[in-house]
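Asker: Fold the following and give me the result.
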Amino acid sequence: MGDNGYNDLIFEGIIHFATKNDLSLSLVSPKDKQEAQGALQEWITARSYSKKSLLIMASSEYETLFTSNFPEIDKSKNVLLFESDKKDMPEGVFTLSLRRYGASYLCGSMASECPEAYVIAACPNDSTINLAIKGFQQGYKTASGKTAEIIYLSDDADGYSNPEDAYSVTKSLPDNAFIFPLAGGSNNGIYKFVRENMFTGILVAGMDVDCSPFSTRTPYSLILNIDEVLNDFLDKWLEGKIVDKHTEGGLSDGFVNVNVNSTFFENIIVWEEYYDSVDYWQQMYDKYYQSALDAERSYYEK
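Answerer: Purely as a prediction, here's the structure:
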């Protein structure tokens, strides 16, 4: 937690739900997957002192813990696994995923007049951000004919918590670059660079939440409504009304969206000629929104 984005949103959603319903809550922060597996097994075998108990696991990394020999869990207990597309989980295990492809496609399309675009990503082989990368690249290429370059901060999950490297990478980019950040807490290094260099021409998309307070160089943000989605799921779980073992949604469902920064032109110091109109970014949003919806629908219907 403390990434000013996705993880904080999840935690806020859980705290809001627990407070609203006067529920007990405990937090486990495993240092690796092995420790997470131990916590999972301990929870499964522990005596239940409540009518209902839910274990929320907030990473697709944990998919491999639910193997074919996964033990049967008590009917009073359930598991919710985030960022998993799996629909064949053991009894009592639910999955939830936010489809980022369409909103990322829209972000790429809206950046199409920027001469150079870069994706700064935490690491390769993360299915969650790989879809976002594909969406942004495809949207940028379809609208501009150019390819957005990918820069990985690490070979593993350390890339999510290294703002210093993200700062250095941003510093090395050309002054007319557009950055699509997919590096969790490391994104703070990108925003820090553009804050400290007020005359830079670099633009950076906000990620997960409205990031306009972090940077004057953020024309729009990709918003994850994970707190709302989570609270809706938890309400249904508490009432025993969950029907589907898997829940997913994207741009067309309101799970994910792109918010234009209405104060962008009030705060920037330098700008390029191509976006010198105060409603430029809203016009780009309106222009490409439907094509992003179509791209999302086409991608997930494959």
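
Asker: gap between the most centrally placed residue in the chain and residue 228?
Answerer: Centroid-nearest residue in the chain, with Cα atoms, centre = their mean: residue 208, separated by 5.0 Å. For residue 208, the distance to residue 228 equals 13 Å [Cβ to Cβ, to the nearest Å]. For glycine as for every other residue, the C-beta is placed from the backbone atoms N, C-alpha and C.

Asker: all strands for this structure, in order.
Answerer: Using DSSP state E, the strands found in the chain span residues 53-57, 77-82, 93-98, 116-121, 149-152, 177-182, 203-204, 206-208, 220-224, 246-249, 256-260.

Asker: would CSV of those strands with distance to residue 272 be doable?
Answerer: Shown next, in CSV, are these (distance: least, Cβ to Cβ, whole Å):
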stretch, distance to residue 272
strand 53-57, 43
strand 77-82, 38
strand 93-98, 32
strand 116-121, 12
strand 149-152, 19
strand 177-182, 10
strand 203-204, 9
strand 206-208, 19
strand 220-224, 16
strand 246-249, 35
strand 256-260, 17
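
Asker: can you list those in JSON lines and add mean pLDDT?
Answerer: As requested, the strands of the chain are exported to JSON lines (pLDDT from 0 to 100):
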{"stretch": "strand 53-57", "mean pLDDT": "91"}
{"stretch": "strand 77-82", "mean pLDDT": "91"}
{"stretch": "strand 93-98", "mean pLDDT": "92"}
{"stretch": "strand 116-121", "mean pLDDT": "98"}
{"stretch": "strand 149-152", "mean pLDDT": "98"}
{"stretch": "strand 177-182", "mean pLDDT": "97"}
{"stretch": "strand 203-204", "mean pLDDT": "98"}
{"stretch": "strand 206-208", "mean pLDDT": "93"}
{"stretch": "strand 220-224", "mean pLDDT": "96"}
{"stretch": "strand 246-249", "mean pLDDT": "92"}
{"stretch": "strand 256-260", "mean pLDDT": "96"}
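
Asker: I'd like to know which of the ones you listed lies nearest to residue 297.
Answerer: Among these, strand 246-249 comes nearest to residue 297, with 12.4 Å by Cβ to Cβ.

Asker: May I have the strands that pair with the closest one, each with its orientation?
Answerer: Using DSSP bridges, the strands paired with strand 246-249 are strand 93-98 (parallel).

Asker: still on that earlier bit, the strands of the chain: which one's closest to residue 68?
Answerer: Residue 68 lies closest, by Cβ to Cβ, to one member of those: strand 93-98, at 12.8 Å.

Asker: And that closest one, how far out from the chain middle?
Answerer: Centre-to-centre, strand 93-98 and its host chain are 14 Å apart (Cα atoms, centre = their mean, to the nearest Å).

Asker: where's residue 16 relative to residue 209, distance?
Answerer: From residue 16 to residue 209 the distance is 15 Å (Cβ to Cβ).

Asker: Actually, residue 301.
Answerer: Applying Cβ to Cβ, the value for residue 301 to residue 209 is 29 Å.

Asker: Pick out whichever of those two has more residues nearby.
Answerer: Comparing residue 301 with residue 209 by other Cβ atoms under 10 Å, the one with more neighbours is residue 209, at 22 against 6.

Asker: my guess is the more buried one contacts residue 9, does it?
Answerer: Yes - shown here, residue 209 and residue 9 form a contact pair, counting by Cβ atoms under 8 Å, at 6.4 Å.

Asker: any residues in contact with both of these two?
Answerer: Common neighbours of residue 209 and residue 9 (criterion: Cβ atoms under 8 Å, 6 or more residues apart in numbering): residue 224.

Asker: Buried residues of stretch 90-100, list them for me.
Answerer: Across stretch 90-100, burial judged by 16 or more other Cβ atoms under 10 Å covers 92, 93, 94, 95, 96, 97, 98, 99, 100.
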